Every structure is written in C-alpha cells, then in structure tokens.
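Sharing a sequence plus its predicted fold:
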Amino acid sequence: MSGERKRHVIPGEVITSGPYRAEQNTIQVGDKIVSTIVGLSDVYDGSVRVIPLTGGYVPKDDDLVIGKIVSHSSLSWTADINSCYVGMLPASDVFGRDYSSSSDDMTSKLAKGDLIAARIVNADMTRDPLITISGRELGKIDSGELVKISPNKVPRLIGKRGSMIQMIESSTNSQVTIGQNGLLVVSSEDPNGLLKAIQAIELIEEQAHVANLTDQVNEMLESKSE
Amino acid sequence: MGGRDTDIVLLDENGIRCDGRKVNETRKVTIKAGVLKNANGSAYIEFGDNKILVGVYGPRDVHPKHMSDTDTGILRCRYHMAPFSVGERKNPAPSRREVEISKVIKEALEPAVMLKEFPRTAVDVFMEVLQADGGTRCAALTGASVALADAGIPMRDLVAGCAAGKAADAVILDVNNEEDQAGQADLPIGYMPNLKKITLLQLDGVLTPEEYKQCIEIGIDGCNQVYEIQKKALQDKFFASGEKQ
C-alpha cells in the first residue's frame, strides 16, 4: 500500500531520498530517487515507482494484447500490437510442431488484417517480442467492436481488482477483452448494450484523472438503461 | 538577417537594454505542451519574439534500417527555419547553420534522454522556427525537452536553454537579435537543472576569463528561470484538471 500520498512528478523531479529501491520509471542519483517521466509517484514498501501519464505501450512478458496481422513470412506472422515493436507469432504456434512451410497454408489460419488476442511470451527487447495465441481466451477474434484507448489508461479502465470493468460488463451485458496495449474488443448480443459499453469506455478514457470515476460511470450506465 | 545597425544603443546610461530589459533579465517565455494531435509529443514555445513549434515522434521503427542500433534507441533532431521566420525570405533548404544547430541540439538532449530502454528504435524531434529573434537554438532546445517529456520518453532531467553574452561591454542575459548582431559575444547554454550539468555550451565572440565565468553564472541562473516555465507547462497539461484518486 502507498505509504505516502501520490504526487505529480515530471522528469528530473526528486521524489524522495533515503533507503528506497528505485523501480519503474525512476532512477537513483546519489541518494535521491528521481522520476524519469511525467506521472504519479508511488512510494510503497521501501520502493518507489512512477505511474506514467503519457507514452506508448512497451511490451512486457505475460501481457495480454490485441494485435492485427500485418504480414507473414514462411515461418511467422507479424502483428501490429500498438507499440514501437511488432509482435512475432511463429507458425508452429498455430500449426503445431510438425509445421511445414510447403504443405501448410498460413493464410488459411490467419490472413492480413485479422485481429488476434495474444499473450506476450518473451519481450527482452533484443528482438521483436514473441507472442502466442494458444491458451484460454486467446486466438483469432471473429466478432466484436474494436476500441482504442491510451495504454496508460488501461489500469483505470480495469479498476481495483477489476471492479470498473466488471461493472461495465454486468450492467451492459457485454464482454470486453482488454489488451494491455490499449486495444479493446467489446462484444455483446444486445446492440444497445454494446453502444453503452463503448460510451462508458470513452468516458473513462476522457475522465481518467478524475477522482471517484466509478460513481460517475455507474451513474451514466444507470441513467441510460431506463 | 536584419543587417548591422550601428546606431542602436544596446545599453543606456541607466543600464536598460534596447528592448527595455535589465542586464540580468530574460525575455518573456511561454510554453504550451501538447499542441499537435498527430505527434506523440509536442510543444509550442515563445521566447521573447521567437516562436517555435516542436513535434516529437517515437520511439518508432528506424528508417533507413542501417541507422538502427541494436543496443539503444537513437535520437534524431531537425531544426528548421520557416521561410517567413526572418525579415528576408529564407531558402527552406537546410542550410549549413541549420545542420549545425540540429547537431548541437541532438547532442544537448542525448545526456538527458534514456533511449537504452528502446533498442532498435528512433525518436525524431522536429523543431520548426516560425519566427526568429536571436537565441533560437536555446529556445528550440527548451521546447524540444518539453515535447520529449510530453511524448513520454524517459529522461534523467529536462534540459533548459538560455544564452548569456556581452554587449556594450556589459555581461547580459538572454541575448536578442540586435545584441547578437551588434554585441561582442554570445554564449548559449543548455543546462539540466536538477542534475546541475551543462549539456550545451558554445561561444561566439571574445570574453575575458572573468567575463566568461560571469556569463556562465548568469546563464545558468537564466536556465533555472526557464526550467520553472517548462515545469509549469507540463503541469498545466497533465495535472491542471484536478487531483487523481
């Protein structure tokens, strides 16, 4: 839990000094911990981090992302994952280990422009991040509406232990697949529910900095349902 | 360029300069962050009569590919003066001077940005001078570091720029166009205020060692003043609309 109140910081600003560990988006300069990014400082359990308010998506291991197939070679697909790196999806991930580039047609499984829900397997930055679509809730996305938000606002959309997204899903009767890269797929049987869920997501994206946003979203969801 | 006007009084008997400033006073600086929709980060800076627009793109793929570095991201800067930025039309093709300024600004920003986190990518900084009135390199540097912060590029510190110099035998802060043309020296400084490190230092003209020390001193003081405005520009963009949580 946060020991100190969260503070607004900009690059170069000293957050604290003393025996703290410098974590996410901070560096140690002498005995001071300095922010490297515009965001909210968070001091907890002897370590300091800054929650970013701006910047793009940086792939991290085990993140669920939504990507769009942009091309393929004979051995792998590449997917745009809304980052400065493209995701590499090896053909063996889809066809199994006995994949052969001569007998299997890659476009039969995934063609250019297809959307996939994928998990990042390896993002060590020495090469493009490796992704997989084998797993629960992963794979090609056939239906739903694609919504794009800033990757920094994804935690806000999910809320504490998923409270925000659960509220939206239950009150609009829809399913939202959230990619950590800021791409979401909303699907619902009910077109009104779908529309409302998208509106709620857009509201969160706009008002992410506001306190007790949950109440505001709840209000909006209830007012429209009558 | 406006041509050399030898009749101009750079410093009157009351210690007031040609534009009404005192010797240790900067021009009025205003910065606005996040002014361009299509760029990842941007800033607009007015430094006296200088007006400069900065756009930052990236981190993104490097083109041409051979420029990419597998160990780190690279920083590319382009300083450009619009044809209408000066009295007589400036040829929009990059001049020798613009290539030089692009290079020194790149080198002034490099100690601040932490591109090791994004290997094989490039961060592009475009600085467009819309109106020039002396000291554009410092103003462009100042704006560029705000735009980089706006883009979310990790930085050790912001870089603030301000020039010091000598005109009418007096050490002055923030040299304007007239003082640059008719003065004796111009010393642009790029400075990281929290780390207390100089990243840009050039000298055009002649200074005695004592004058040089004085110039550095007031120049850094000027950078600290500019830094406060940079800070405010970022705070206005990100934190103006109420506290979070």
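Cool, got the structure.

okay, now the residue in chain A positioned nearest to chain B: neighbour count?
Closest residue of chain A to chain B, CB to the nearest CB: residue A:55 (2.2 Å). Just so you know, the C-beta spots here come from the backbone N, C-alpha and C atoms, and that holds for glycine as well. Using other CB atoms under 10 Å in any protein chain shown, residue A:55 is surrounded by 22 other residues.

My guess is residue B:227 contacts residue B:193. True?
Yes - the pair residue B:227 / residue B:193 is scored as a contact, 4.3 Å apart, by CB atoms under 8 Å.

The two: who's more crowded?
It is residue B:227, of residue B:227 and residue B:193, that has more neighbours when counted by other CB under 10 Å, with 23 against 20.

Does that one belong to a helix, a strand or coil?
helix (DSSP: H, G, I helix; E, B strand; the rest coil).

For the residue lying closest to residue A:111 once chain neighbours are set aside, list each beta-bridge partner.
Nearest residue to residue A:111, sequence neighbours excluded (CB to CB, 6 or more residues apart in numbering or on different chains): residue A:69, at 6.8 Å. Residue A:69 forms beta bridges with residue A:79, as assigned by DSSP bridges.

For the residue of chain B found nearest chain A, grab the count of nearby residues.
For chain B, the residue closest to chain A is residue B:152, as judged by CB to the nearest CB, at 2.2 Å. Residues near residue B:152, counting by other CB under 10 Å, number 25.

Contact partners for it?
Residue B:152 is in contact with A:37-38, A:52-56, B:40-41, counting by CB atoms under 8 Å, 6 or more residues apart in numbering or on different chains.

what would the residues you listed look like in JSON lines with distance to residue B:94 and pLDDT?
Formatted as JSON lines, the contacts of residue B:152 follow (distance: CB to CB, whole Å; pLDDT from 0 to 100):
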{"residue": "A:37", "distance to residue B:94": "32", "pLDDT": "95"}
{"residue": "A:38", "distance to residue B:94": "31", "pLDDT": "94"}
{"residue": "A:52", "distance to residue B:94": "34", "pLDDT": "91"}
{"residue": "A:53", "distance to residue B:94": "35", "pLDDT": "89"}
{"residue": "A:54", "distance to residue B:94": "30", "pLDDT": "90"}
{"residue": "A:55", "distance to residue B:94": "30", "pLDDT": "89"}
{"residue": "A:56", "distance to residue B:94": "29", "pLDDT": "90"}
{"residue": "B:40", "distance to residue B:94": "23", "pLDDT": "96"}
{"residue": "B:41", "distance to residue B:94": "23", "pLDDT": "97"}
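
Helices of chain A, residue ranges please.
Along chain A, the segments classed as helices by DSSP state H run A:91-95, A:106-109, A:154-158, A:163-172, A:191-206, A:213-225.

Least confident of those, on average?
Mean pLDDT per stretch puts helix A:213-225 lowest among these, at a mean of 79.

Now tell me what touches it from outside.
With CB under 8 Å, 6+ apart, helix A:213-225 has contacts from A:156, A:159, A:163-164, A:167-168, A:171-172, A:196, A:199-200, A:203-204, A:207, A:210.

Would you mind listing which of these are buried?
A:156, A:159, A:164, A:167-168, A:171-172, A:196, A:199-200, A:203-204, A:207, A:210 (16 or more other CB atoms under 10 Å in any protein chain shown).

In chain A, where is pLDDT below threshold?
A:1-4, A:224-226 (pLDDT under 70).

for chain B, same thing?
Checking chain B against pLDDT under 70 turns up B:1-6, B:241-245.

Get me the contact residues on it for chain A.
Counting by CB under 8 Å from any CB of the partner chain, chain B comes close to chain A at B:40-41, B:58-61, B:70, B:112, B:114, B:117-121, B:149-158, B:192-195, B:231, B:234-235, B:238-239, B:241-245.

For PyMOL, write the select line for the buried members of these.
Entered in PyMOL, the line below selects the buried ones among the residues of chain B next to chain A, by 16+ other CB under 10 Å:
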select buried, chain B and resi 40+41+58+59+60+112+114+117+118+119+120+121+149+150+151+152+153+154+155+156+157+158+192+193+194+195+231+234+238+239+244
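
quick revisit: would you agree the residue of chain A closest to chain B is in contact with residue A:182?
No - Residue A:55 is beyond contact range of residue A:182, at 11.1 Å (criterion: CB under 8 Å).

Common neighbours of those two, please.
What both residue A:55 and residue A:182 touch, as defined by CB under 8 Å, 6+ apart, is the set A:151-152.

still on that earlier bit, just the contacts of helix A:213-225 that are near chain B?
Among the contacts of helix A:213-225, chain B is touched by residue A:210 when using CB under 8 Å from any CB.

tell me, what residue is most central in chain A?
residue A:180 (1.0 Å; CA atoms, centre = their mean).

Phi, psi for that residue please.
Dihedral angles of residue A:180 (phi, psi; degrees, to the nearest 10) stand at phi -60, psi -20.

give the contact list for residue B:32.
B:43-45, B:233, B:236-237.

what sits against residue A:146?
Counted by CB under 8 Å, 6+ apart, residue A:146 has contacts A:66, A:115, A:183-185.

Around chain B, which positions in chain A sit nearby?
Counting by CB under 8 Å from any CB, chain A sits next to chain B at A:6, A:8, A:10-14, A:25, A:27, A:29, A:34, A:36-38, A:40, A:52-56, A:58, A:84-85, A:125-126, A:208-211.
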